[in-house]
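Asks: Sequence and predicted structure below; questions after.
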Amino acid sequence: MTIPEHVHDLRGERPAHLTGAALERVKVVRPGVAVTLLLAAEPALLMASLNLQLRENLHWDVVEADGAWRVTVRHRADVAPADVLALLAADHKRIDGLLARALSLLNHGDAAAAAPLLREFAAMLKRHVGFEDGVLAISLGADRAAADEPPGVMLREHREIAQQLALVEDVLAAAPVDVSELAVYCAILSGTLAKHEYREEHNLFPLWRMALMRRSGSERTDLLTRAQVMLAG
Ligand SMILES: [Fe+2]
Ligand SMILES: [Fe+2]
């Protein structure tokens, strides 16, 4: 059988070298570029490990045939979100990416280049939180959750995030901008956001995914469409 160039046959790779060999092949994956791996063993653990190492940017499909596994790996941006929660998780990455780029510029003293990124970041973050609070939480009944339950924690953390974001915007609006102060507030917000997003994705979204499964297909589609419109601004 002739194997096309983008297919990598790793069936003969020694187990100790398999993860490294697979990572070499898969790290070229980016939007518009996919690769296929042929593997001799069930790939769930291997793919989870590669995905972690590549900042959870991978999406893969597995087909088993004749004792081998064929894994087609794509960038997650090339795959339509499975549901509204997958869309929100992808939005977390875009929001984090903008803030990280702005922080890097601020750490080099370049407030002028960081400012437009921070304004875009602030707008994206407000749209994101606005959807989670104003649409999803209401639709899935988060307003009836106790304060220490994941939906209650989310609502409280959103208030903290709004306060920290207001500090960033205040410093950004001053003339001249105090770069050091802005960098400190952005770093604090970055830490708060990272913890918040982790808790959403690991504690809250699994609960909400079960709640979504109890809704009709048209309700799930409607929520996804509303999220796509709101997040895009
Ligand atoms: Fe949130
Ligand atoms: Fe979120």
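Replies: In hand now; what should we look at? Ligands and ions are numbered 1, 2, ... in the order given.

Asks: Tell me how this protein divides into domains.
Replies: Domain assignment of the chain by automatic domain parsing yields the ranges 7-78, 84-232.

Asks: To ligand 2, which of the ones you listed lies closest?
Replies: Nearest to ligand 2 among these is domain 84-232 (4.8 Å), distances taken as CB to the ion. The way it works is simple: take the backbone N, C-alpha and C, and place the C-beta from them, glycine included.

Asks: ends of that closest one, how far apart?
Replies: End-to-end distance for domain 84-232, by CA to CA, to the nearest Å: 13 Å.

Asks: quick one on the thing from earlier: using JSON lines, please lay out the domains of the chain together with mean neighbour count, distance to ligand 2 and mean pLDDT.
Replies: Output for the domains of the chain, formatted as JSON lines (neighbours: other CB atoms under 10 Å; distance: least, CB to the ion, whole Å; pLDDT from 0 to 100):
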{"stretch": "domain 7-78", "mean neighbour count": "15", "distance to ligand 2": "15", "mean pLDDT": "93"}
{"stretch": "domain 84-232", "mean neighbour count": "16", "distance to ligand 2": "5", "mean pLDDT": "94"}
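
Asks: Work out the gap between stretch 169-186 and the centre of the chain.
Replies: 27 Å (CA atoms, centre = their mean, to the nearest Å).

Asks: From start to finish, how long is that stretch in a straight line?
Replies: 10 Å.

Asks: Contacts for that stretch, please.
Replies: Residues outside stretch 169-186 that contact it (CB atoms under 8 Å, 6 or more residues apart in numbering): 99, 102-103, 106-107, 109-111, 114-115, 118-119, 122, 164, 167-168.

Asks: can you tell me which of those residues are in helices?
Replies: 99, 102-103, 106-107, 111, 114-115, 118-119, 122, 164, 167-168 (DSSP state H).

Asks: Quickly name whichever of the residues you listed is closest to residue 226.
Replies: residue 122 (21.5 Å; CB to CB).

Asks: Going by residue numbers, what spans are strands in this structure?
Replies: Using DSSP state E, the strands of the chain run over residues 7-9, 35-39, 58-65, 68-75.
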